[in-house]
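**Student:** how would this look folded up:
(one chain, ligands or ions: 1)
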Amino acid sequence: MSSAKFVYEGKEIDLPVITGSMGEVGVDISKLRSSTGAITMDLGYGNTGSCQSEIAFIDGEKGVLLYRGYPIEEMVGASFLDISYMLIYGQLPSQDQLTKFRKDLDRHQLIPENMKKILEGYPNTAHPMAILSSMVSSLSAYHPDTPEEVENNIVRLMAKLPTICAFSYKQSVGQPHIYPRSDLTFAGNFLHMMFATPCEPYQVDPVLEEALNMLLILHADHEQNCSTSTVRMVGSSGANLFASIAAGVCALWGPLHGGANQEVIEMLEMIQDDGANYQKYVDMAKDKKSGFRLFGFGHRVYKNFDPRARILKVQADKVLERLGINDPLLEIAQALEEVALKDSYFVERSLYPNVDFYSGIIYRAMGIPTNMFTVMFALGRLPGWIAQWRELHNESSKRICRPRQIYTGEPKRAFVPLDQR
Ligand code: CMC
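**Tutor:** Purely as a prediction, here's the structure:
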């Protein structure tokens, strides 16, 4: 094993170097503080490895994304359940394993009937991500957190999340909840619960079904991003699956993370309403004082095209064409991308479109409202979160996540009682 040398105030220590299966190198600093008294500072954790994981690999310089070794481009034609099984359990399922997985999920699709009362308590204006996080957390009130139930709870959560997402949408539009159907695919069933009504038969459109299946797969995992790290952080305290994933949902909600897909569409609408002046918005994004960022652009890890965005750009065109939809926002997005990619500010900083740039255009074409976009991201990310939580849960050497800090407050001083201030 190779090592790195760390020298501080005359003390020199050897730090072991860990090499991953794709050649990534990490310096193990776990003995740094006990040997030198120093800690590392890494704002935003851009250089910090928080775990070793077998689930996903990203090469940000080359624009590569692998789930358990399989390239994202080769998986988009598979079924979301196939990919979910592989992420969670570690290998591609046989036909029998997939059939059993499917049957297990079918049995658990319903949410406890009285959970609907919780849903009904929310105002129609509630953001669906607020509902989603609390409903996921509420599942732990219904399903016990015992060691024997861990694997069952994984299946329960995979099965119930689409029902929760679709029910919360129905609630927001004042329509009756539509119960799940076991004869449909994961994507088909979700569309059915979202768009069917009790008044007329609903036929799942195969174009939408295929597009949703692809979108779910593209979002299924992305190694140690903010929400996944949150799931692991919360899980490291011993918190149950539902509580850990509810925390991940909250982390995803932020506009710099999964919430960016909603922001992108709102930004494109703003540009459209403002006469489609792309250059003005590119200039605003470059001006730090404006407080405006080009949503759907830039990524902590990708310094090249996000491979998911590459796929989505082509698919957005195709899906809209197959549906016969002409969405002016697609044209604005394409033009904005072209302007930004030629601009030296974006070129120098390696800012490319990310997964959120084109996904919203497809969700819109499906009839999914803008405030549900981040819920769609969560639905896709669920198998990844579960896989990451399960990997951590099964580790024998796990430790609670507990970063250190450099304190910059007042030095020790005497407390002043209230009557002496
Ligand atoms: N528009 C304008 N400038 C940007 C943008 C942007 N979208 N993204 C980064 N920059 C600039 C940033 O101001 C900084 O400039 P300088 O070096 O002059 O200070 C430089 O590029 C590096 O950016 P950073 O903020 O240090 O990068 P980060 O790794 O901390 O942040 C990011 C990554 C994704 C939060 C950021 O690129 C961003 O805010 N993008 C817009 C929001 C977005 O689309 N988020 C979705 C991310 S992908 C899916 C997901 O994770 O959910």
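
**Student:** and the stretch 101-250 of the chain, which residues reach the ligand?
**Tutor:** Where the stretch 101-250 of the chain comes near the ligand, counting by Cβ under 6 Å from any ligand atom, the residues are Asn225. Every C-beta, even on glycine, is put in place using the N, C-alpha and C of the backbone.

**Student:** show me where the stretch 101-250 of the chain dips below the pLDDT cut-off.
**Tutor:** Along the stretch 101-250 of the chain, the model assigns pLDDT under 70 to no residue.

**Student:** the lengthiest strand in the chain pairs with which strands, parallel or anti?
**Tutor:** When the chain is parsed with DSSP state E, its longest strand is strand 11-19. Using DSSP bridges, the strands paired with strand 11-19 are strand 3-8 (antiparallel), strand 25-27 (antiparallel).

**Student:** ok now it, how far from the chain's centre?
**Tutor:** 33 Å (Cα atoms, centre = their mean, to the nearest Å).

**Student:** do stretch 273-282 and the ligand meet at all?
**Tutor:** No: residues of stretch 273-282 contacting the ligand under Cβ under 6 Å from any ligand atom: none, with a closest distance of 8.9 Å.

**Student:** what mean pLDDT does that stretch get?
**Tutor:** Mean pLDDT, stretch 273-282: 91.

**Student:** so for it, what gets flagged as buried?
**Tutor:** Buried residues in stretch 273-282, counting neighbours by 16 or more other Cβ atoms under 10 Å, are found at 276, 278, 281-282.

**Student:** what do you get for stretch 118-135?
**Tutor:** The neighbour-count check on stretch 118-135 (16+ other Cβ under 10 Å) flags 119, 122, 126-129, 131-135 as buried.

**Student:** show the backbone phi and psi for the residue in the stretch 101-250 of the chain positioned nearest to the ligand.
**Tutor:** Among all residues of the stretch 101-250 of the chain, Asn225 sits closest to the ligand, at 5.2 Å; criterion: Cβ to the nearest ligand atom. Note on Asn225: backbone dihedrals following degrees, to the nearest 10 are phi -70, psi -180.

**Student:** buried ones in the longest strand of the chain, by neighbour count?
**Tutor:** 13, 15.

**Student:** state the mean pLDDT of that strand.
**Tutor:** 94.

**Student:** cool, stretch 79-99 as well?
**Tutor:** Stretch 79-99 shows an average pLDDT of 98 in the prediction.

**Student:** when you give positions from now on, start the count at 27
**Tutor:** Okay, using 27 as the starting number, the last item reads as stretch 105-125.

**Student:** centre of the chain to it, how far?
**Tutor:** With Cα atoms, centre = their mean as the basis, stretch 105-125 stands 20 Å off its chain's centre.

**Student:** buried ones in that stretch?
**Tutor:** So, applying 16+ other Cβ under 10 Å, buried residues of stretch 105-125: 105-115, 119, 124.

**Student:** kindly export that stretch (C-alpha atoms) in PDB.
**Tutor:** Extracted C-alpha coordinates of stretch 105-125, given in PDB (Å, rounded to 0.1, in the frame of the first residue of the first chain):
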ATOM      1  CA  SER A 105     -36.900  -1.300 -16.800                       C
ATOM      2  CA  PHE A 106     -36.600   0.900 -13.800                       C
ATOM      3  CA  LEU A 107     -37.300  -2.000 -11.500                       C
ATOM      4  CA  ASP A 108     -34.500  -4.000 -13.100                       C
ATOM      5  CA  ILE A 109     -32.100  -1.100 -12.400                       C
ATOM      6  CA  SER A 110     -33.500  -0.500  -8.900                       C
ATOM      7  CA  TYR A 111     -33.000  -4.200  -8.000                       C
ATOM      8  CA  MET A 112     -29.400  -4.000  -9.200                       C
ATOM      9  CA  LEU A 113     -28.600  -0.900  -7.300                       C
ATOM     10  CA  ILE A 114     -30.200  -2.100  -4.100                       C
ATOM     11  CA  TYR A 115     -29.100  -5.800  -4.100                       C
ATOM     12  CA  GLY A 116     -25.800  -5.500  -5.900                       C
ATOM     13  CA  GLN A 117     -26.400  -7.500  -9.100                       C
ATOM     14  CA  LEU A 118     -28.700  -7.700 -12.100                       C
ATOM     15  CA  PRO A 119     -31.700  -9.800 -11.200                       C
ATOM     16  CA  SER A 120     -32.600 -13.100 -13.000                       C
ATOM     17  CA  GLN A 121     -36.100 -13.200 -14.500                       C
ATOM     18  CA  ASP A 122     -37.300 -15.100 -11.300                       C
ATOM     19  CA  GLN A 123     -35.700 -12.600  -9.000                       C
ATOM     20  CA  LEU A 124     -37.300  -9.700 -10.900                       C
ATOM     21  CA  THR A 125     -40.700 -11.400 -10.900                       C
END
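
**Student:** what about the strands in the stretch 77-226 of the chain?
**Tutor:** 82-85, 90-93, 96-97 (DSSP state E, counting those that start in this stretch).

**Student:** what's the closest of those strands to His283?
**Tutor:** strand 82-85 (15.4 Å; Cβ to Cβ).

**Student:** for the closest one, packing partners?
**Tutor:** strand 90-93 (3 or more Cβ pairs under 8 Å, 6 or more residues apart in numbering; DSSP states H and E).

**Student:** who touches the strand it packs on?
**Tutor:** Outside strand 90-93, the residues within contact range by Cβ atoms under 8 Å, 6 or more residues apart in numbering are 81-84, 97-98, 101, 109, 112-113, 246-248, 333-334.

**Student:** chain center to it: distance?
**Tutor:** Put simply, strand 90-93 sits 15 Å off its chain's centre (Cα atoms, centre = their mean).

**Student:** and if you look at stretch 84-102?
**Tutor:** Chain-centre distance of stretch 84-102: 16 Å, with Cα atoms, centre = their mean.

**Student:** would you mark the buried spots in that stretch?
**Tutor:** By neighbour count with 16+ other Cβ under 10 Å, stretch 84-102 contains the buried residues 84-85, 89-94, 98, 101-102.

**Student:** ok, the nearest residue to Asn150 once chain neighbours are set aside to Met161 distance?
**Tutor:** With sequence-adjacent residues excluded and distances taken as Cβ to Cβ, 6 or more residues apart in numbering, Asn150 is closest to Ser198, at 5.5 Å. According to Cβ to Cβ, to the nearest Å, Ser198 and Met161 sit 13 Å apart.
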